[in-house]
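S.K.: model this:
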Amino acid sequence: MPRILTSTGDYRLARRARAFEHNPWAAAEDLTGQHPDPIYFGNGAPASEIQPLDRLQWAAERAWVEVGGQLGYGELEGWGPLRELIAERMTRRGVAVGPSDLFVTNGSQQGIDLLARLFLDPGDAIIVEGPTYIGAMQVFDAYEASYITCPVDEHGLCTDALEEILRTADRAPKFIYTIPTFQNPTGYSISLERRTRLLELAERHDVMVIEDDPYGEIYFTPDTPAMALRSLSDRVIYLGSFSKTLAPALRVGWMIAPADLMPLLLMAKEGADIHSNRIETRIVYHTATGFLDDHVVAIRDFYRNRRDILFRALSEAMPDSVAVRGPDGGFFVWCDLPAGASADELLSAAAPYGAAFLPGSWFYPGYDGPAQGMRLSYSSLPEEKIAEGARRLGAATDAYLRRLGDQ
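M.R.: Down below sits the predicted model:
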């Protein structure tokens, strides 16, 4: 269970403050202190060594020269040339938009918050994948959403289950939140057939779809992934980010939304941060122009290699009863323990071996989901650490399952 945070002061906190009482990272990180050289598979951040620091520094120098003394307020939608670049890149991916159809956000995480701010009253129902992204739930919890969890399998969100959820819901959910391509935490992608079905159901039941797409360009197969949901329907609100392709510290993302919703979204953004960072948006533009396409090809190769190392090492080290599923893109390998086993228990059992990860149950509302799954990230670990960590985790899992069988 994630660490519980409390305040000793009498601050008359809002009810929504309860949403921030859980620290989903600290519990796993605390356990790493049980070993002198721990290997932590919980960090889903991009690798620092693949971030284009020289290019970013060059772009920063150019941005500061370019902006001159114009450091006042403005550019609520984001710098025009950057929006043009994003629109051109999205159009190449099948999402035909212009600069006026999107705006720049302070990372895609801000986009989630802005949408929750506009859509959710306390108690409103939303549909999320089970499991789903912890960061999205941190936002939805603060707005006191009522969750309906739709299961996923190797082909992504289960649309038969979604149809039943929508048919039997007491009240219409405000939206469906999905990461359809190389999902966090499973690495699964929704098949094209299911994408079409999902959008048919959303149209029939008049439900908006939020498509969170941080990993869509990081694929490892010769063929590109299935088309973005936004390319198939204007009912979809699309969230994109440069965090995985350039660097997360830049905090530059974007949102594509229906035209009649844009004024409200922009005013919500103004209320949140006035406008995006004028220097950072120029840095991203100058870094990306004439560079990002080739860089994305390089990071695909980089992360494919790390995926291969982890998948191969886990396949060799894990007991046969553990299902290991390697993704076709993104940052995560998902494993399922056999029935009766608990990844929460394994997390503690693996600590003395020097291996840690995030249990799958933490990726459900209330951090309370099926116990068998676990997420392992290969993105930020050096190659030698990946193989050694898999060996340690395999030994810990074997010992844990043997003890479980003796009980």
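
S.K.: For the longest strand seen in the chain, which outside residues touch it?
M.R.: Assignment by DSSP state E gives strand 146-153 as the longest strand of the chain. Residues from elsewhere that reach strand 146-153 (Cβ atoms under 8 Å, 6 or more residues apart in numbering): 123-132, 137, 140, 157-158, 161-162, 165, 169, 173, 176, 183, 186, 188, 364-365, 369. Where you see a C-beta, it was placed from the backbone N, CA and C, and this is true even at glycine.

S.K.: Over the following helix or strand past that strand, what's the mean pLDDT, rounded is fine.
M.R.: Moving toward the C-terminus from strand 146-153, the next helix or strand (DSSP states H and E) is strand 156-157. Across strand 156-157, pLDDT averages out at 98.

S.K.: CA atoms only: put whichever helix or strand comes after strand 156-157 into CSV for me.
M.R.: Next in sequence after strand 156-157, counting helices and strands by DSSP H and E, comes helix 159-168. Provided in CSV are the C-alpha atoms of helix 159-168 (Å, rounded to 0.1, in the frame of the first residue of the first chain):
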residue,chain,number,x,y,z
THR,A,159,-15.0,-3.1,-25.5
ASP,A,160,-17.5,-5.8,-24.7
ALA,A,161,-17.1,-4.9,-21.1
LEU,A,162,-17.4,-1.2,-22.0
GLU,A,163,-20.6,-1.8,-23.8
GLU,A,164,-22.1,-3.5,-20.8
ILE,A,165,-20.9,-0.7,-18.5
LEU,A,166,-22.5,2.0,-20.7
ARG,A,167,-25.7,0.0,-21.1
THR,A,168,-26.2,-0.5,-17.3
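
S.K.: In helix 159-168, which residues are buried?
M.R.: Thr159, Leu162, Glu163, Ile165, Leu166 (16 or more other Cβ atoms under 10 Å).

S.K.: can you list the residues you listed in TSV and add distance to Gly33?
M.R.: TSV is the format used below for those (distance: Cβ to Cβ, whole Å):
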residue	distance to Gly33
Thr159	43
Leu162	42
Glu163	47
Ile165	42
Leu166	46
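
S.K.: Find the nearest non-adjacent residue to Gly394, please.
M.R.: Ala317 (2.6 Å; Cβ to Cβ, 6 or more residues apart in numbering).

S.K.: Then Arg55?
M.R.: Using Cβ to Cβ, 6+ apart and skipping the chain neighbours, the partner closest in space to Arg55 is Thr287 (5.3 Å).

S.K.: And the contacts of the helix or strand hosting the one you found?
M.R.: Using DSSP H and E, Thr287 sits in helix 278-288. The contact list for helix 278-288 (Cβ under 8 Å, 6+ apart) reads 52, 55-56, 58-60, 62-64, 66-67, 70-71, 74-75, 78-79, 81-82, 85, 104, 242, 246, 250-252.

S.K.: list the helices and strands the helix or strand that that helix is followed by packs on?
M.R.: Downstream of helix 278-288, the first helix or strand assigned by DSSP H and E is helix 292-317. Packing partners of helix 292-317 (3 or more Cβ pairs under 8 Å, 6 or more residues apart in numbering; DSSP states H and E): strand 323-325, strand 332-336, helix 383-406.

S.K.: Distance from the chain centre to helix 292-317, please.
M.R.: Relative to the mean C-alpha coordinate of its chain, helix 292-317 is positioned 18 Å out (Cα atoms, centre = their mean, to the nearest Å).

S.K.: mind checking how far stretch 63-82 is from the chain centre?
M.R.: Put simply, stretch 63-82 sits 28 Å off its chain's centre (Cα atoms, centre = their mean).

S.K.: buried residues in it?
M.R.: Ala63, Glu75, Glu77, Gly78, Trp79, Leu82.

S.K.: Same check on stretch 351-360?
M.R.: By 16+ other Cβ under 10 Å, the buried positions in stretch 351-360 come out as Ala351, Tyr353, Gly354, Ala355, Ala356, Phe357, Leu358, Pro359, Gly360.

S.K.: try stretch 92-111
M.R.: Buried residues in stretch 92-111 (16+ other Cβ under 10 Å): 93, 95, 97, 99, 101-111.

S.K.: and if you look at stretch 299-318?
M.R.: Quick answer for stretch 299-318 (16+ other Cβ under 10 Å): 299-300, 302-304, 306-307, 309-311, 313-314, 317-318.

S.K.: With pLDDT and distance to Leu292 added, can I get those residues in CSV?
M.R.: Converted to CSV, the buried residues of stretch 299-318 look like this (pLDDT from 0 to 100; distance: Cβ to Cβ, whole Å):
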residue, pLDDT, distance to Leu292
Ile299, 98, 10
Arg300, 98, 12
Phe302, 98, 15
Tyr303, 98, 16
Arg304, 98, 18
Arg306, 98, 21
Arg307, 98, 21
Ile309, 98, 26
Leu310, 98, 26
Phe311, 98, 27
Ala313, 98, 31
Leu314, 98, 32
Ala317, 98, 36
Met318, 98, 37
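
S.K.: For Arg194, see how far away Glu200 is.
M.R.: 10 Å (Cβ to Cβ, to the nearest Å).
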